[in-house]
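1. Give me the fold of what follows.
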Amino acid sequence: MDKRIVKYTLQMENGPVIMGFGSIGGRKEGEGPLGKYFDQCYEDTTLGESSWEKSESRLQTEAVEVALHKAKCSASEINYIFAGDLLNQCISSTFGLLDFRIPFLGQYGACSTMAQTLLVASILVESGAARRALAVTSSHFCSAERQFRLPLEYGGQRAPTAQWTATAAGCALVGLCGPVVIRRGLAGTIQDLVVKDAANMGAAMAPTAAESIFQCLEDTGTCPQDYDGIYTGDLGAVGSELLYQCLGDNGIDLRPVHQDCGLLLYDRERQDVHAGASGCGCSASVLCGHLLRRMERGELRRILFCATGALMSPTSSQQGLAIPGECHVLELVSQQ
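-> So this is what the prediction gives:
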(Lines give C-alpha, C1' and ligand atoms only; values in the text may rest on other atoms or scores of the structure.)
Protein backbone atom coordinates (compact mmCIF):
# COMPACT_ATOMS: atom_id res chain seq x y z
CA MET A 1 0.00 0.00 0.00
CA ASP A 2 1.04 3.59 -0.55
CA LYS A 3 1.97 5.48 2.59
CA ARG A 4 2.07 9.15 3.32
CA ILE A 5 5.43 10.84 3.87
CA VAL A 6 5.03 13.73 6.30
CA LYS A 7 2.33 16.04 4.92
CA TYR A 8 1.42 15.59 1.25
CA THR A 9 3.70 13.08 -0.50
CA LEU A 10 2.76 9.44 -1.07
CA GLN A 11 5.40 6.71 -1.24
CA MET A 12 4.46 3.93 -3.69
CA GLU A 13 5.81 0.79 -2.08
CA ASN A 14 4.57 -1.78 -4.60
CA GLY A 15 6.14 0.09 -7.48
CA PRO A 16 3.47 0.87 -10.07
CA VAL A 17 5.18 1.32 -13.42
CA ILE A 18 4.51 2.84 -16.81
CA MET A 19 4.04 -0.10 -19.17
CA GLY A 20 3.43 1.82 -22.37
CA PHE A 21 2.95 5.37 -23.59
CA GLY A 22 1.88 7.26 -26.67
CA SER A 23 1.94 10.83 -27.96
CA ILE A 24 0.12 12.38 -30.92
CA GLY A 25 0.59 15.92 -32.22
CA GLY A 26 -0.36 18.37 -34.93
CA ARG A 27 1.75 20.05 -37.59
CA LYS A 28 3.17 22.80 -35.37
CA GLU A 29 4.22 20.25 -32.76
CA GLY A 30 5.86 18.10 -35.43
CA GLU A 31 7.84 21.11 -36.65
CA GLY A 32 9.13 21.87 -33.15
CA PRO A 33 12.32 20.65 -31.41
CA LEU A 34 10.57 17.52 -30.08
CA GLY A 35 8.88 16.56 -33.34
CA LYS A 36 10.90 13.34 -33.73
CA TYR A 37 9.67 12.05 -30.36
CA PHE A 38 5.97 11.97 -31.28
CA ASP A 39 4.48 8.66 -32.34
CA GLN A 40 2.54 10.52 -35.01
CA CYS A 41 2.05 14.14 -36.10
CA TYR A 42 -0.71 15.26 -38.47
CA GLU A 43 -0.18 17.83 -41.20
CA ASP A 44 -3.91 18.56 -41.20
CA THR A 45 -4.96 19.56 -37.68
CA THR A 46 -8.57 18.62 -38.41
CA LEU A 47 -7.34 14.99 -38.51
CA GLY A 48 -9.98 14.46 -41.17
CA GLU A 49 -12.83 15.30 -38.77
CA SER A 50 -15.69 17.77 -39.23
CA SER A 51 -15.01 19.91 -36.12
CA TRP A 52 -12.11 20.93 -33.90
CA GLU A 53 -13.70 19.14 -30.95
CA LYS A 54 -13.94 15.88 -32.89
CA SER A 55 -10.31 16.37 -33.93
CA GLU A 56 -9.27 16.60 -30.30
CA SER A 57 -11.22 13.45 -29.45
CA ARG A 58 -9.32 11.68 -32.20
CA LEU A 59 -6.03 12.73 -30.62
CA GLN A 60 -7.00 10.89 -27.43
CA THR A 61 -8.22 7.83 -29.30
CA GLU A 62 -4.94 7.44 -31.13
CA ALA A 63 -2.76 8.12 -28.08
CA VAL A 64 -4.54 5.31 -26.21
CA GLU A 65 -4.18 2.95 -29.17
CA VAL A 66 -0.43 3.61 -29.33
CA ALA A 67 0.06 3.09 -25.57
CA LEU A 68 -1.89 -0.19 -25.67
CA HIS A 69 0.08 -1.39 -28.70
CA LYS A 70 3.44 -0.68 -27.08
CA ALA A 71 2.42 -2.51 -23.91
CA LYS A 72 1.00 -5.43 -25.94
CA CYS A 73 -2.33 -5.05 -24.16
CA SER A 74 -5.91 -4.94 -25.36
CA ALA A 75 -8.61 -2.60 -24.10
CA SER A 76 -10.36 -5.54 -22.41
CA GLU A 77 -7.34 -5.95 -20.09
CA ILE A 78 -7.60 -2.39 -18.70
CA ASN A 79 -9.48 -1.89 -15.44
CA TYR A 80 -9.91 1.89 -15.53
CA ILE A 81 -9.24 4.88 -17.72
CA PHE A 82 -8.71 8.32 -16.19
CA ALA A 83 -9.01 11.15 -18.68
CA GLY A 84 -9.82 14.81 -19.04
CA ASP A 85 -9.38 17.87 -21.24
CA LEU A 86 -10.15 21.59 -21.36
CA LEU A 87 -13.55 21.54 -23.04
CA ASN A 88 -16.95 21.80 -21.36
CA GLN A 89 -17.78 18.58 -19.50
CA CYS A 90 -14.53 17.07 -20.86
CA ILE A 91 -16.23 16.11 -24.13
CA SER A 92 -12.98 15.33 -25.94
CA SER A 93 -12.37 12.51 -23.47
CA THR A 94 -15.98 11.32 -23.45
CA PHE A 95 -16.31 10.94 -27.20
CA GLY A 96 -12.69 10.01 -27.87
CA LEU A 97 -12.72 7.05 -25.47
CA LEU A 98 -16.30 5.87 -25.97
CA ASP A 99 -15.54 2.88 -28.17
CA PHE A 100 -12.89 1.36 -25.90
CA ARG A 101 -15.56 0.22 -23.42
CA ILE A 102 -13.18 0.70 -20.48
CA PRO A 103 -14.57 1.84 -17.09
CA PHE A 104 -14.17 5.62 -17.28
CA LEU A 105 -13.57 8.21 -14.56
CA GLY A 106 -13.39 11.74 -15.93
CA GLN A 107 -10.88 14.17 -14.45
CA TYR A 108 -10.45 17.91 -14.59
CA GLY A 109 -7.21 19.55 -13.58
CA ALA A 110 -6.86 22.00 -16.47
CA CYS A 111 -3.29 21.76 -17.78
CA SER A 112 -2.24 19.64 -14.78
CA THR A 113 -4.54 16.82 -15.93
CA MET A 114 -1.71 14.53 -17.11
CA ALA A 115 -0.14 14.48 -13.66
CA GLN A 116 -3.54 14.20 -11.98
CA THR A 117 -4.71 11.22 -14.04
CA LEU A 118 -1.32 9.53 -13.73
CA LEU A 119 -1.32 10.01 -9.96
CA VAL A 120 -4.83 8.57 -9.54
CA ALA A 121 -4.05 5.64 -11.84
CA SER A 122 -0.87 4.94 -9.86
CA ILE A 123 -2.68 4.96 -6.54
CA LEU A 124 -5.26 2.44 -7.78
CA VAL A 125 -2.59 0.10 -9.13
CA GLU A 126 -0.51 0.54 -5.97
CA SER A 127 -3.50 -0.31 -3.75
CA GLY A 128 -4.45 -3.38 -5.74
CA ALA A 129 -7.77 -1.92 -6.87
CA ALA A 130 -6.55 -2.17 -10.47
CA ARG A 131 -3.97 -4.20 -12.35
CA ARG A 132 -3.78 -1.82 -15.28
CA ALA A 133 -5.08 1.74 -15.67
CA LEU A 134 -4.75 4.34 -18.39
CA ALA A 135 -4.06 8.05 -17.90
CA VAL A 136 -4.73 10.29 -20.91
CA THR A 137 -5.39 13.92 -21.76
CA SER A 138 -5.36 16.27 -24.73
CA SER A 139 -5.78 19.81 -25.99
CA HIS A 140 -6.29 21.44 -29.39
CA PHE A 141 -5.36 25.00 -30.26
CA CYS A 142 -8.52 25.70 -32.23
CA SER A 143 -11.02 24.15 -29.80
CA ALA A 144 -9.38 25.95 -26.86
CA GLU A 145 -9.36 29.30 -28.66
CA ARG A 146 -13.05 28.92 -29.47
CA GLN A 147 -13.96 28.15 -25.86
CA PHE A 148 -11.64 30.36 -23.85
CA ARG A 149 -10.66 33.29 -26.02
CA LEU A 150 -11.92 34.55 -29.39
CA PRO A 151 -13.09 32.99 -32.66
CA LEU A 152 -10.11 32.32 -34.91
CA GLU A 153 -11.75 34.36 -37.67
CA TYR A 154 -11.58 37.44 -35.44
CA GLY A 155 -7.79 37.51 -35.64
CA GLY A 156 -7.30 38.98 -32.16
CA GLN A 157 -3.81 40.12 -31.15
CA ARG A 158 -1.94 38.01 -28.59
CA ALA A 159 -0.12 39.60 -25.66
CA PRO A 160 3.62 38.86 -25.23
CA THR A 161 2.79 36.89 -22.07
CA ALA A 162 0.26 34.68 -23.88
CA GLN A 163 0.99 31.02 -24.61
CA TRP A 164 0.06 28.73 -27.50
CA THR A 165 -2.30 25.84 -26.71
CA ALA A 166 -0.72 22.62 -27.96
CA THR A 167 -2.60 20.42 -30.43
CA ALA A 168 -1.48 17.18 -28.84
CA ALA A 169 -2.36 14.24 -26.61
CA GLY A 170 -0.43 11.92 -24.34
CA CYS A 171 -1.35 8.59 -22.78
CA ALA A 172 0.43 6.40 -20.22
CA LEU A 173 -0.54 2.87 -19.22
CA VAL A 174 0.14 2.11 -15.54
CA GLY A 175 0.66 -1.48 -14.40
CA LEU A 176 3.12 -3.66 -12.53
CA CYS A 177 5.78 -4.42 -15.15
CA GLY A 178 7.55 -1.79 -17.21
CA PRO A 179 10.65 0.40 -17.67
CA VAL A 180 9.71 3.42 -15.53
CA VAL A 181 8.64 3.25 -11.86
CA ILE A 182 6.30 5.79 -10.29
CA ARG A 183 7.99 6.08 -6.89
CA ARG A 184 6.19 9.00 -5.26
CA GLY A 185 3.32 11.36 -5.87
CA LEU A 186 1.99 14.59 -4.44
CA ALA A 187 -1.42 16.16 -5.02
CA GLY A 188 -1.00 19.92 -4.81
CA THR A 189 -3.21 22.46 -3.10
CA ILE A 190 -5.09 25.23 -4.90
CA GLN A 191 -3.27 28.58 -4.75
CA ASP A 192 -4.84 31.93 -5.60
CA LEU A 193 -2.65 35.03 -5.73
CA VAL A 194 -5.38 37.08 -7.43
CA VAL A 195 -3.93 36.99 -10.94
CA LYS A 196 -6.79 37.87 -13.30
CA ASP A 197 -5.08 38.17 -16.67
CA ALA A 198 -6.11 35.18 -18.81
CA ALA A 199 -3.30 36.09 -21.21
CA ASN A 200 -0.69 35.54 -18.47
CA MET A 201 -1.46 32.15 -16.97
CA GLY A 202 2.19 31.41 -16.29
CA ALA A 203 2.02 34.02 -13.55
CA ALA A 204 -1.12 32.39 -12.13
CA MET A 205 0.48 28.93 -12.00
CA ALA A 206 4.01 29.75 -10.83
CA PRO A 207 3.17 30.13 -7.10
CA THR A 208 1.43 26.77 -6.90
CA ALA A 209 4.31 25.10 -8.77
CA ALA A 210 6.72 26.58 -6.24
CA GLU A 211 4.55 25.42 -3.34
CA SER A 212 4.22 21.83 -4.62
CA ILE A 213 7.90 21.46 -5.53
CA PHE A 214 8.99 22.93 -2.20
CA GLN A 215 6.64 20.61 -0.30
CA CYS A 216 7.82 17.54 -2.22
CA LEU A 217 11.49 18.34 -1.61
CA GLU A 218 10.81 18.98 2.07
CA ASP A 219 8.72 15.81 2.54
CA THR A 220 11.31 13.58 0.87
CA GLY A 221 14.43 15.24 2.25
CA THR A 222 15.80 15.75 -1.26
CA CYS A 223 17.28 18.73 -3.10
CA PRO A 224 17.07 19.70 -6.79
CA GLN A 225 20.49 18.22 -7.53
CA ASP A 226 19.21 14.75 -6.56
CA TYR A 227 17.23 14.68 -9.82
CA ASP A 228 18.30 14.54 -13.45
CA GLY A 229 15.56 17.02 -14.18
CA ILE A 230 12.57 18.79 -12.65
CA TYR A 231 9.98 19.39 -15.36
CA THR A 232 7.09 21.79 -14.89
CA GLY A 233 4.04 21.63 -17.14
CA ASP A 234 3.44 24.89 -18.95
CA LEU A 235 4.68 27.87 -16.98
CA GLY A 236 6.30 29.29 -20.10
CA ALA A 237 8.94 32.00 -20.04
CA VAL A 238 7.12 34.31 -17.63
CA GLY A 239 6.02 31.63 -15.17
CA SER A 240 9.43 29.95 -15.11
CA GLU A 241 11.14 33.17 -14.04
CA LEU A 242 8.54 33.68 -11.32
CA LEU A 243 9.08 30.08 -10.16
CA TYR A 244 12.81 30.74 -9.72
CA GLN A 245 12.02 33.85 -7.68
CA CYS A 246 9.49 32.07 -5.46
CA LEU A 247 11.80 29.15 -4.69
CA GLY A 248 14.82 31.42 -4.43
CA ASP A 249 13.10 33.19 -1.54
CA ASN A 250 13.21 29.80 0.23
CA GLY A 251 16.87 29.22 -0.58
CA ILE A 252 16.26 26.78 -3.45
CA ASP A 253 18.03 27.25 -6.79
CA LEU A 254 16.06 25.32 -9.38
CA ARG A 255 17.73 26.70 -12.51
CA PRO A 256 20.43 24.01 -12.98
CA VAL A 257 17.91 21.15 -13.24
CA HIS A 258 14.64 22.81 -14.25
CA GLN A 259 13.00 22.67 -17.65
CA ASP A 260 9.46 23.65 -18.59
CA CYS A 261 7.45 21.55 -21.03
CA GLY A 262 5.99 24.78 -22.39
CA LEU A 263 9.48 25.91 -23.39
CA LEU A 264 10.55 22.54 -24.79
CA LEU A 265 7.68 21.84 -27.18
CA TYR A 266 8.22 24.75 -29.58
CA ASP A 267 11.07 26.89 -30.86
CA ARG A 268 9.97 30.31 -29.57
CA GLU A 269 12.21 32.20 -31.94
CA ARG A 270 11.13 30.37 -35.06
CA GLN A 271 7.52 29.39 -34.32
CA ASP A 272 6.10 32.60 -32.81
CA VAL A 273 4.40 31.14 -29.74
CA HIS A 274 5.17 34.16 -27.54
CA ALA A 275 5.76 32.92 -23.95
CA GLY A 276 5.67 29.21 -24.87
CA ALA A 277 3.23 26.32 -25.05
CA SER A 278 0.25 25.52 -22.84
CA GLY A 279 -2.75 23.18 -22.72
CA CYS A 280 -3.27 19.70 -21.28
CA GLY A 281 -1.58 18.23 -24.33
CA CYS A 282 1.61 20.21 -23.74
CA SER A 283 2.97 18.42 -20.67
CA ALA A 284 1.20 15.17 -21.68
CA SER A 285 2.94 14.94 -25.05
CA VAL A 286 6.32 16.04 -23.68
CA LEU A 287 6.09 13.39 -20.97
CA CYS A 288 4.72 10.59 -23.15
CA GLY A 289 6.89 11.43 -26.13
CA HIS A 290 10.18 12.95 -25.03
CA LEU A 291 10.76 12.24 -21.34
CA LEU A 292 9.57 8.63 -21.09
CA ARG A 293 11.53 7.68 -24.20
CA ARG A 294 14.69 9.07 -22.63
CA MET A 295 13.95 7.26 -19.36
CA GLU A 296 13.29 4.03 -21.26
CA ARG A 297 16.79 4.35 -22.76
CA GLY A 298 18.34 5.18 -19.39
CA GLU A 299 19.30 8.73 -20.43
CA LEU A 300 17.25 10.11 -17.54
CA ARG A 301 17.35 8.14 -14.31
CA ARG A 302 15.24 10.14 -11.87
CA ILE A 303 12.94 13.08 -12.53
CA LEU A 304 10.12 15.09 -11.03
CA PHE A 305 7.18 15.68 -13.36
CA CYS A 306 5.21 18.69 -12.09
CA ALA A 307 2.24 19.47 -14.31
CA THR A 308 0.57 22.82 -13.63
CA GLY A 309 -3.00 23.97 -14.20
CA ALA A 310 -4.90 27.28 -14.26
CA LEU A 311 -8.36 26.56 -12.83
CA MET A 312 -10.44 29.04 -14.77
CA SER A 313 -13.47 28.97 -17.04
CA PRO A 314 -14.91 31.52 -19.49
CA THR A 315 -17.64 32.28 -16.95
CA SER A 316 -15.27 32.90 -14.04
CA SER A 317 -13.09 35.17 -16.19
CA GLN A 318 -16.07 37.13 -17.49
CA GLN A 319 -17.24 37.63 -13.90
CA GLY A 320 -13.86 39.10 -12.98
CA LEU A 321 -12.71 36.26 -10.74
CA ALA A 322 -9.02 35.48 -10.24
CA ILE A 323 -7.31 32.44 -11.76
CA PRO A 324 -6.38 29.85 -9.10
CA GLY A 325 -3.64 27.36 -9.92
CA GLU A 326 -2.62 23.85 -8.91
CA CYS A 327 0.40 21.62 -9.45
CA HIS A 328 0.71 17.86 -8.95
CA VAL A 329 4.11 16.15 -8.68
CA LEU A 330 5.26 12.64 -9.62
CA GLU A 331 8.70 11.18 -9.03
CA LEU A 332 9.63 8.83 -11.88
CA VAL A 333 12.62 6.48 -11.82
CA SER A 334 14.09 4.55 -14.74
CA GLN A 335 14.76 0.84 -14.30
CA GLN A 336 17.17 0.74 -17.24
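
2. Strands of the stretch 51-200 of the chain, start to end?
-> Secondary structure of the stretch 51-200 of the chain by DSSP state E, counting those that start in this stretch: the strands cover 80-84, 104-106, 133-139, 164-165, 168-175, 180-186.

3. Now do the buried residues in the first one.
-> Using 16 or more other Cβ atoms under 10 Å as the test for burial, strand 80-84 gives 80, 81, 82, 83, 84. (Glycine included, C-beta is placed from N, CA and C.)

4. Relative to residue 8, which of the strands of the stretch 51-200 of the chain is closest?
-> Relative to residue 8, the nearest member of the strands of the stretch 51-200 of the chain by Cβ to Cβ is strand 180-186, separated by 4.9 Å.

5. quick one: the following helix or strand past that closest one to chain centroid distance?
-> Counting by DSSP states H and E, the next helix or strand C-terminal to strand 180-186 is helix 201-220. Its chain's average C-alpha position is 15 Å from that of helix 201-220, according to Cα atoms, centre = their mean, to the nearest Å.

6. got the angle for helix 201-220 vs strand 180-186?
-> Relative orientation of helix 201-220 with respect to strand 180-186: 100 degrees, computed using axes from the mean of the first three to the mean of the last three Cα atoms, to 10 degrees.

7. Just send the buried residues of strand 80-84 back as JSON lines, with distance to residue 175 and pLDDT too.
-> Putting the buried residues of strand 80-84 into JSON lines (distance: Cβ to Cβ, whole Å; pLDDT from 0 to 100) gives the following:
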{"residue": "80", "distance to residue 175": "12", "pLDDT": "98"}
{"residue": "81", "distance to residue 175": "13", "pLDDT": "98"}
{"residue": "82", "distance to residue 175": "14", "pLDDT": "98"}
{"residue": "83", "distance to residue 175": "17", "pLDDT": "98"}
{"residue": "84", "distance to residue 175": "21", "pLDDT": "96"}
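
8. so, if you compare these, which one comes nearest to residue 222?
-> Out of the buried residues of strand 80-84, the one with the shortest distance to residue 222 is residue 82. That distance is 27.0 Å, counting by Cβ to Cβ.
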